[in-house]
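**Student:** Sequence below, structure please.
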Amino acid sequence: MPYAFLCDFDGTVSPRDIGAGFVRRFAADGGATYAALEGRWRSGEIGHRALTDGEWASVRATEAEALAFTRGFRLDPEFAPFVREALGRGDAVMVVSEGFDFYVRDQLAGAGLADLPWAANRARFAAGRVVPEYPFADAGCGECGNCKAQHVRRYQALGYHVVLVGDGLSDRCGARTADSVLARRDLLAWCRRERIRATPFEDFADVADVARRLAVSAPLRRS
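**Tutor:** The predicted structure follows:
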């Protein structure tokens, strides 16, 4: 069975959370709205889409300003080698993000991965404001802007064993649905609380090692 690695972006492919950094930099209220909403999101009181709508309501930036800021971030240097090795072996790799298209697209292109499939929320720049749009909203979820479970199911329907790679609570729907989970930080802690089996990882060198072991049918080490 071929493997599909669905990789979160902010905090995973990009070790630093670009979206959160962007809000802190450009929100007129200095990120106060995000701080107020984050606890409600972490507790499950609101979904990620409601969190995004609230935190981006006060963001003021042009597209040029936005890209100038986000280009100060870098991807995990092991991500591009992992992608090339996985694709060369016949596996699939996709980025699935609750972040935004303008920086996901730009960062992947800058890493020489412009052709890698990805899905993210859309940022529409209009009169100095940044308006979130959700082209991948899943009616079956209703909580996420870009529910990762739908992407997991699509690859499963194509015959892949799907490995969700993530670091945060925006990966919860994907982790519930995936065949295997590679997790760190908040996602790993959540998986342990929910008794969802997850293999810990630190960076994409670890992910590449897991992928090699899967290729020869070695079992994953579970947390």
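
**Student:** Please report how far Ile18 lies from Ala64.
**Tutor:** 16 Å (Cβ to Cβ, to the nearest Å). In this view, the C-beta of every residue, glycine as well, is placed from N, C-alpha and C.

**Student:** higher neighbour count, these two?
**Tutor:** More neighbours surround Ile18 than the other of Ile18 and Ala64, with 25 against 9 (other Cβ atoms under 10 Å).

**Student:** can you pull the contacts of that one?
**Tutor:** The neighbourhood of Ile18, defined by Cβ atoms under 8 Å, 6 or more residues apart in numbering, consists of Phe9, Asp10, Thr70, Phe73, Gly99, Tyr103, Gln107.

**Student:** all helices of this protein, in order?
**Tutor:** 18-26, 32-42, 48-56, 63-70, 79-89, 101-110, 148-157, 172-177, 185-194, 204-215 (DSSP state H).

**Student:** if we look at the helix or strand of the chain with the lowest mean pLDDT, which residues are touching it?
**Tutor:** The weakest-scoring helix or strand in the chain, judged by mean pLDDT, DSSP states H and E, is helix 32-42 (a mean of 87). Outside of helix 32-42, the residues that reach it under the criterion Cβ under 8 Å, 6+ apart are 20, 23-24, 27, 46-48, 50-51, 54-55, 57-58, 169.

**Student:** Please tabulate these in CSV, including the columns distance to Cys144 and neighbour count.
**Tutor:** Listed next are those as CSV, based on distance: Cβ to Cβ, whole Å; neighbours: other Cβ atoms under 10 Å:
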residue, distance to Cys144, neighbour count
Ala20, 17, 17
Val23, 18, 21
Arg24, 22, 14
Ala27, 21, 20
Ile46, 11, 17
Gly47, 6, 19
His48, 5, 21
Ala50, 10, 15
Leu51, 10, 23
Gly54, 15, 17
Glu55, 15, 26
Ala57, 18, 15
Ser58, 22, 18
Leu169, 11, 19
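
**Student:** Which pair in these has the greatest spatial separation?
**Tutor:** Checking the contacts of helix 32-42 against each other with Cβ to Cβ, the farthest-apart pair comes out as Ser58 and Leu169, at 22.4 Å.

**Student:** Identify the residues contacting Cys173.
**Tutor:** Cys141, Glu143, Cys144, Cys147, Lys148, Ala149.

**Student:** Quick one: buried ones out of these?
**Tutor:** Of the members of the contacts of Cys173, the ones counted as buried by neighbours, 16 or more other Cβ atoms under 10 Å, are Cys141, Glu143, Cys144, Cys147, Lys148, Ala149.

**Student:** What separation do you get for Cys141 and Ala32?
**Tutor:** Cys141 is 28 Å from Ala32, where distance means Cβ to Cβ.

**Student:** Looks like Val152 contacts Gly166 (just checking).
**Tutor:** No - the pair formed by Val152 and Gly166 falls short of the contact definition of Cβ atoms under 8 Å, at 11.3 Å.
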